[in-house]
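[1] Structure, please.
(2 chains, ligands or ions: 4)
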There are 2 protein chains.
Amino acid sequence: MLGAIEAGGTKFVCAVGTVEGELIERIQVDTEMPEQTMPKVIAFFQKHPIEALGIGSFGPIDIEKASNTYGNITSTPKPGWGNYPFVETMKEALDVPIEFNTDVNAAALGELMHGAAKGLDSCLYITVGTGIGAGAVVQGNLLQGLSHPEMGHVLVRRHPEDTYKGRCPYHGDCVEGMAAGPAIEERWGKKGLQLADRHEVWELEAYYLAQALMQYILIVSPKKIIMGGGVMKQAQIFSLVHKQLQELLNGYVAMPQISERINEYIVPPALGDDAGITGALMLAKQALESKA
Amino acid sequence: MLGAIEAGGTKFVCAVGTVEGELIERIQVDTEMPEQTMPKVIAFFQKHPIEALGIGSFGPIDIEKASNTYGNITSTPKPGWGNYPFVETMKEALDVPIEFNTDVNAAALGELMHGAAKGLDSCLYITVGTGIGAGAVVQGNLLQGLSHPEMGHVLVRRHPEDTYKGRCPYHGDCVEGMAAGPAIEERWGKKGLQLADRHEVWELEAYYLAQALMQYILIVSPKKIIMGGGVMKQAQIFSLVHKQLQELLNGYVAMPQISERINEYIVPPALGDDAGITGALMLAKQALESKA
Ligand SMILES: Nc1ncnc2c1ncn2[C@@H]1O[C@H](COP(=O)(O)OP(=O)(O)O)[C@@H](O)[C@H]1O
Ligand SMILES: Nc1ncnc2c1ncn2[C@@H]1O[C@H](COP(=O)(O)OP(=O)(O)O)[C@@H](O)[C@H]1O
Ligand SMILES: [Zn+2]
Ligand SMILES: [Zn+2]
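    Numbers count the residues shown, from 1 in each chain, chains lettered A, B, ... in the order given. Ligands and ions are numbered 1, 2, ... in the order given. Predicted coordinates:
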């Protein structure tokens, strides 16, 4: 059996499953301080013994294996989790091979292996929720360089009629600052769910998201883009993003996937809310294969 | 002996050299119509027989090996070169293994194997010249997905005092439209070289280039960024870009390469104007190894 953890800012999902990506058993644990949360996580895997573990975590995290602080959550403002040695803690408790990556890189891997990008060697997964983040598989590998991607903070152009200042603590009006769930709520004074029938809300949302996708396409040229997270439950956003992105690209990148079949190119997760945890399970598979 | 072609919009460089990246013999041929240019290119390699050929070409080009139109220059406005079967033509003439990629992906490979990014598995090369383009090596592979990257067209925010409209035929004021050599010339009424002592010119140039680099860093997180092309001969741009990029990122991406040693992170090409042709030679090496 393989183990998987999707470590999020509000909850941890822990699961065991098979190398084929089937999830057998799972629990959900609130994200409190590590001293509260981690014993519950560990206890789950002690009850369900595993051969390898995959972790998709909120970030920023250190995924550079040669680094001293590999396997840590690094500079999060979340109390107790700054510089937390996640991999080391799990290794000490379970002594199994572990692969560690971002929650969104894991989700991209999940969708590539068992979801909307099955059969491809490349895809990008973006979540639009409490924050905005994205991960990608490029030529079969999870995207990684100096660090993991931080795609949620790309610059966007403000809509000329949008006076909302943005709420990213670093950049103000980057795409996360302008278009994540809390920005929608602050700008319009209501939660996204309550704004479902306000067309202008989703037009503006698509205006910013399409700009972010344009940058992603021009820079990494993914073979499929999967948009998940709470905000994307507003399924009406998809066609608005399709349209605005085509307008922005304006015929540049002359690929039929974009000009003719964009509704098959930018899609919701086929695994629904299980993209991340399934991807974490696939990280466990990689850990098993490489005995990391 | 290996062969290399750097196919540019104004000139082709053809060279022969070694698997170690040493260039032995070279010629330069003007980019006219294919009927004028290609016989000269082929004649050079008939005089200097080679075992494999690497081509770094202006684009857009088709680099998807499974595609019907693999090896073609695709939709260029350059007379005679639209849908030109570059690889097929060379294969018929020389019958050797060929690797084909963009000029900027080749330059990234050249700098990675023999230049400023030696020893790393990742770098990004951007040229700021007649156009703006960038290529990258990610985890040892030349970046490729649905197509090759088109990073020169990322969106940037206009400077509030800049009234120049931009000259990209697709997007108007994307980074190429605002900051390539011809945009500098049109905005200020003089060529870049004649504007060397006008500080405001390079401040504004750095304002746009830093935004593009910010997007590249957030999205692919390269381990080194190499800036080449005619405009970057204005070496003063480097420190302006360093400063503006740090301001834009504002402490996000907390890597010492960016916060402490940015002058070693964003650098000129160690191979100077030979990055592209050296990279094409390294493509030939890859062709030889894989017998493509
Ligand atoms: N159906 C919905 N329509 C619009 N917004 C939603 C919907 N469901 C959740 N959201 C918003 O998405 C955000 C939460 O995102 P979610 O992906 O569920 O969690 P997280 O990002 O914390 O993992 C909140 O800002 C919430 O208001
Ligand atoms: N020393 C220089 N300072 C500023 N701009 C320059 C300089 N040299 C060339 N340029 C500009 O760079 C552009 C040509 O770029 P270059 O990289 O030489 O060619 P290409 O992009 O066509 O391969 C022109 O717009 C030119 O004005
Ligand atoms: Zn931000
Ligand atoms: Zn453009």
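[2] now the one helix or strand in chain A whose mean pLDDT sits lowest: how far from the chain's centre is it?
    The helix or strand of chain A with the lowest confidence, counting by mean pLDDT, DSSP states H and E, is helix A:256-259 at a mean of 94. Mean-position distance between helix A:256-259 and its chain equals 24 Å (Cα atoms, centre = their mean, to the nearest Å).
[3] Over to stretch A:169-178?
    Per Cα atoms, centre = their mean, the centroid offset for stretch A:169-178 relative to its chain is 17 Å.
[4] how does chain A divide into domains?
    Split into domains by automatic domain parsing, chain A comes to A:2-102+A:273-291, A:116-268.
[5] Just give me the longest helix of chain A.
    In chain A, assigned by DSSP state H, the helix with the most residues is helix A:199-220.
[6] Say whether ligand 4 is contacted by it.
    No - judged by Cβ under 5 Å from the ion, helix A:199-220 stays clear of ligand 4, getting no closer than 8.8 Å. Backbone N, C-alpha and C define where each C-beta goes, glycine included.
[7] coming back round to it: helices or strands next to the least confident helix or strand of chain A in the packing?
    Packing partners of helix A:256-259 (3 or more Cβ pairs under 8 Å, 6 or more residues apart in numbering or on different chains; DSSP states H and E): helix A:236-249, helix A:262-265.
[8] tell me which element A:Ile42 falls in.
    helix A:34-47 (DSSP states H and E).
[9] Just the residues contacting that helix, thanks.
    Under the criterion Cβ atoms under 8 Å, 6 or more residues apart in numbering or on different chains, residues A:3, A:5, A:12, A:14, A:16, A:27, A:29-31, A:53, A:80-81, A:84, A:89-90, A:93-94 lie in contact with helix A:34-47.
[10] Give the closest residue to the spatially most central residue of chain A in space, chain neighbours not counted.
    Compute the mean C-alpha point of chain A, and by Cα atoms, centre = their mean the closest residue is A:Val104, 2.3 Å away. Nearest residue to A:Val104, sequence neighbours excluded (Cβ to Cβ, 6 or more residues apart in numbering or on different chains): A:Gly135, at 3.5 Å.
[11] would the one you found count as being in a strand?
    Yes - according to DSSP: H, G, I helix; E, B strand; the rest coil, A:Gly135 belongs to a strand.
[12] ok, how many other residues are close to whatever residue of the stretch 1-150 of chain A ends up closest to ligand 3?
    Nearest residue of the stretch 1-150 of chain A to ligand 3: A:Glu150, at 8.3 Å (Cβ to the ion). Neighbour count for A:Glu150, taken as other Cβ atoms under 10 Å in any protein chain shown: 22.
[13] residues touching it, list them.
    For A:Glu150, the contact set (Cβ under 8 Å, 6+ apart) comprises A:59-60, A:133, B:218, B:221, B:252-253.
[14] So A:Ile126, which state does it fall into?
    strand.
[15] What separation do you get for the closest residue to it other than its chain neighbours and B:Gly131?
    Once flanking residues are discounted, A:Ile126 sits nearest to A:Ala134: 4.0 Å by Cβ to Cβ, 6+ apart. Distance of A:Ala134 to B:Gly131, given as Cβ to Cβ, to the nearest Å: 27 Å.
[16] So which of the two has more stuff around it?
    Set side by side, A:Ala134 and B:Gly131 show more neighbours around A:Ala134, with 31 against 20, by other Cβ under 10 Å.
[17] Verify the contact between the more buried one and A:His153 for me.
    No - when contacts are counted by Cβ atoms under 8 Å, A:Ala134 is not listed as touching A:His153 (10.3 Å).
[18] circling back: buried residues in the helix holding A:Ile42?
    Neighbour counts over helix A:34-47 (16 or more other Cβ atoms under 10 Å in any protein chain shown) mark A:34, A:37-38, A:41-42, A:44-45 as buried.
[19] Also stretch A:181-190?
    For stretch A:181-190, a neighbour-count test (16+ other Cβ under 10 Å) marks A:181, A:183-185, A:187-188 as buried.
[20] What residues does whatever residue of the stretch 51-200 of chain A ends up closest to ligand 4 make contact with?
    Relative to ligand 4, the nearest point of the stretch 51-200 of chain A is A:Arg157 (13.8 Å; Cβ to the ion). By Cβ under 8 Å, 6+ apart, the contact list for A:Arg157 reads A:211, B:155, B:157.
[21] repeat that with 6 Å
    B:Arg157 (Cβ atoms under 6 Å, 6 or more residues apart in numbering or on different chains).
[22] A strand includes it, no?
    No - the assignment for A:Arg157 is coil, going by three-state DSSP, so no strand is present there.
[23] Can you check what pLDDT the model gives it?
    For A:Arg157, the model assigns a pLDDT of 98.
[24] A:Leu195 and A:Ile132, how far apart?
    18 Å.
[25] So for stretch A:171-182, mean pLDDT?
    Per-residue scores along stretch A:171-182 average to 98.
[26] With stretch A:262-276 instead?
    Regarding stretch A:262-276, the rounded mean pLDDT is 98.
[27] How about stretch A:72-84?
    For stretch A:72-84, the mean per-residue pLDDT is 92.
[28] Spit out the contact partners of A:Ala15.
    By Cβ under 6 Å, 6+ apart, the neighbours of A:Ala15 are A:4, A:23, A:26, A:277.
[29] which SS state does the spatially closest residue to the third one that is not a sequence neighbour fall under?
    Of all residues not flanking A:Arg26 in the chain, A:Ala15 sits nearest, at 3.9 Å (Cβ to Cβ, 6+ apart). Reducing the assignment at A:Ala15 to three states with three-state DSSP gives strand.
[30] Quick check: the gap between A:Ala15 and A:Gly276.
    10 Å.
[31] circling back: which one of the contacts of A:Glu150 has the most neighbours?
    Counting neighbours by other Cβ under 10 Å, A:Gly133 leads the contacts of A:Glu150 with 26 neighbours.
[32] and the gap between the residue in the stretch 1-150 of chain A positioned nearest to chain B and ligand 1?
    Closest approach between the stretch 1-150 of chain A and chain B, counting by Cβ to the nearest Cβ: A:Gly145, at 3.6 Å. Distance of A:Gly145 to ligand 1, computed by Cβ to the nearest ligand atom, to the nearest Å: 24 Å.
[33] The nearest residue to that residue once chain neighbours are set aside: what's it in contact with?
    The shortest distance from A:Gly145 to any non-neighbouring residue, by Cβ to Cβ, 6+ apart, is to B:Ser221 (3.6 Å). Each residue near B:Ser221 by Cβ under 6 Å, 6+ apart is listed here: A:145-147, A:149.
[34] could I get these as CSV with secondary structure?
    Listed next are those as CSV, based on three-state DSSP:
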residue, secondary structure
A:Gly145, coil
A:Leu146, coil
A:Ser147, coil
A:Pro149, coil
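[35] which one of those residues is nearest A:Glu264?
    Using Cβ to Cβ, A:Pro149 comes nearest to A:Glu264 of those, at 23.9 Å.
[36] show me what contacts that closest one?
    Applying Cβ under 6 Å, 6+ apart, one finds that A:Pro149 lies in contact with A:143, B:219, B:221.
[37] Show me which of the residues you listed is closest to B:Glu264.
    Proximity to B:Glu264 was ranked across the contacts of A:Pro149 by Cβ to Cβ; first place goes to B:Ser221, at 16.3 Å.
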